[in-house]
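**Q** Fold the stuff below for me.
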Amino acid sequence: MGDFIGHISPGLFLVFYGLYQAVIVSRAVIFNDSLLYPSYLSKNKGKWARLWKIAHAGWLKVVIGSLLIVYEISCVKEGLTLMTKGVPPRFMYPKEWQHLTMFFLLTLDGCVEMVSKNMLRQRCVLLERGATVLGVYVLLLLLVSHVKESSGVELQVHSLLILVVFLLMLVLTAELWAPEMFHLWMIETFLILIMGSWLIQAAFILFRPVSGFPWEDDDISDIMFVTTFFCWHVMINALCMLGIYGVSSFWHRCYSPSLRLMGSKEALYQESSSGTFYKLLQEAEQQDKDDQAPLLSKISPCDRA
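**A** You can find the predicted model right below:
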């Protein structure tokens, strides 16, 4: 699958998935809502309530992963075989088998998410995040092996991709212990967007250059501009996330006042519940003072003497 479609298809999926997650994270930050158990899902009792509770991201992963597996197999005209029939036998199509492993793990991640959200009695967040972390760990190992025969521009393109996957692996690993931390989710979304947009850029650099002329591996300027383009992708995706947050904030504050009020009430409830003991202690002390005041007023000056 080392062709234009093989790079741009996963890239488009990651970009759309990152945009979807950016909207979810922005809404959670604006309303101080839970990322794993958003309030609008539990309060939606209409006829579309079941539809809202479907694991949309899980289904998307399964569909995209399955389509990529079918496409990868169809790209090998002679048939995808593991080893030759000669003596001694040799492994065949190593990169294609690596691609299949990546896409299979993407499909498995989607299946685990669907089972956890829609089939288990109680959602298992650790199982979902564990499947995602496993997929990213394996992806990193495969990418490191994938670039053994690369050089020049192709090596630089894939090295920057490996850097993003490595950072994503660290963030997802940290989320196993802090699954509700907004900062980690924002960094994860940011890295997913970079990964997707860079795969799209890689498809044009390696297979369909915009200029119509291939990039030169021996030209240091081409290799340096690969890194420059990557930095531009970082800045563009950062601005994209900032824009999504700004638009989401404007939309919810101007066109969804009831939703904003609901989020404010939930935030106040959470703040009040955290200081319940302190408030009860203050009320008890005030009650004691009120009870002692009438008794002191009844005591005459002579009695005091």
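**Q** Just the residues contacting the helix or strand encompassing residue 139, thanks.
**A** Secondary structure assignment for residue 139, by DSSP states H and E: helix 125-146. When contacts are defined by C-beta atoms under 8 Å, 6 or more residues apart in numbering, helix 125-146 is touched by residues 36, 95, 98, 101-102, 105-106, 108-109, 112-113, 116-117, 158, 161-162, 165-166, 168-169, 172-173, 175-176, 179. In short, each C-beta sits where N, CA and C put it, glycine included.
**Q** again, 7 Å this time
**A** Helix 125-146 is contacted from outside by 36, 95, 98, 101-102, 105-106, 108-109, 112-113, 116, 158, 161-162, 165-166, 168-169, 172-173, 175-176, 179, using C-beta atoms under 7 Å, 6 or more residues apart in numbering.
**Q** can you map out the helices along this structure?
**A** 4-31, 39-43, 49-52, 56-75, 94-118, 125-146, 152-175, 182-206, 220-255, 257-274, 276-298, 301-304 (DSSP state H).
**Q** Return the residues in contact with residue 10.
**A** Counting by C-beta under 7 Å, 6+ apart, residue 10 touches 68, 199.
**Q** If any of the contacts of helix 125-146 are buried, give me the PyMOL selection for them.
**A** In PyMOL, this line selects whichever of the contacts of helix 125-146 come out buried by 16 or more other C-beta atoms under 10 Å:
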select buried, resi 98+102+105+106+108+109+112+113+116+158+161+162+165+168+169+172+175
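**Q** on that earlier part again, buried residues in the helix holding residue 139?
**A** For helix 125-146, burial by neighbour count (16+ other C-beta under 10 Å) applies to 125, 128-129, 131-133, 135-136, 139, 142-143, 146.
**Q** Sort out which one of the residues you listed lies nearest residue 28 for me.
**A** Of all those, residue 28 sits closest to residue 125, with 14.7 Å by C-beta to C-beta.
**Q** For that closest one, report the pLDDT, please.
**A** On the pLDDT scale, residue 125 is placed at 83.
**Q** if we can go back for a sec, for my notes, please list the buried residues of helix 125-146 in JSON lines and give distance to residue 223 for each entry.
**A** Formatted as JSON lines, these follow (distance: C-beta to C-beta, whole Å):
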{"residue": "125", "distance to residue 223": "42"}
{"residue": "128", "distance to residue 223": "39"}
{"residue": "129", "distance to residue 223": "37"}
{"residue": "131", "distance to residue 223": "36"}
{"residue": "132", "distance to residue 223": "33"}
{"residue": "133", "distance to residue 223": "32"}
{"residue": "135", "distance to residue 223": "30"}
{"residue": "136", "distance to residue 223": "27"}
{"residue": "139", "distance to residue 223": "24"}
{"residue": "142", "distance to residue 223": "24"}
{"residue": "143", "distance to residue 223": "19"}
{"residue": "146", "distance to residue 223": "19"}
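**Q** Which members of these are the farthest-apart pair?
**A** Farthest pair in the buried residues of helix 125-146 (C-beta to C-beta) is 125 and 146. Separation: 30.9 Å.
**Q** for this protein, which spans come out with low pLDDT?
**A** Residues of the chain meeting the criterion pLDDT under 70: 1-2, 38-55, 255-305.
**Q** which ones are touching the closest residue to residue 237 other than its chain neighbours?
**A** What sits nearest to residue 237 in space, not counting adjacent residues and going by C-beta to C-beta, 6 or more residues apart in numbering, is residue 193, at 4.3 Å. Neighbour list for residue 193: 15, 18, 237, 240 [criterion: C-beta under 7 Å, 6+ apart].
**Q** do you know how far residue 193 is from residue 214?
**A** Remark: distance between residue 193 and residue 214 (C-beta to C-beta, to the nearest Å) = 27 Å.
**Q** do the same with residue 133
**A** Going from residue 133 to residue 214 by C-beta to C-beta gives 37 Å.
**Q** Next: residue 171.
**A** 35 Å.
**Q** And those two? Which one has more around it.
**A** The neighbour count for residue 171 versus residue 214, taken as other C-beta atoms under 10 Å, is higher for residue 171 (21 against 13).
**Q** my read: that one touches residue 185, true?
**A** No: Residue 171 lies out of contact with residue 185 (C-beta atoms under 7 Å); the separation is 8.8 Å.
**Q** Could you check how many residues crowd around residue 159?
**A** If we define neighbours as other C-beta under 10 Å, then residue 159 has 16 of them.
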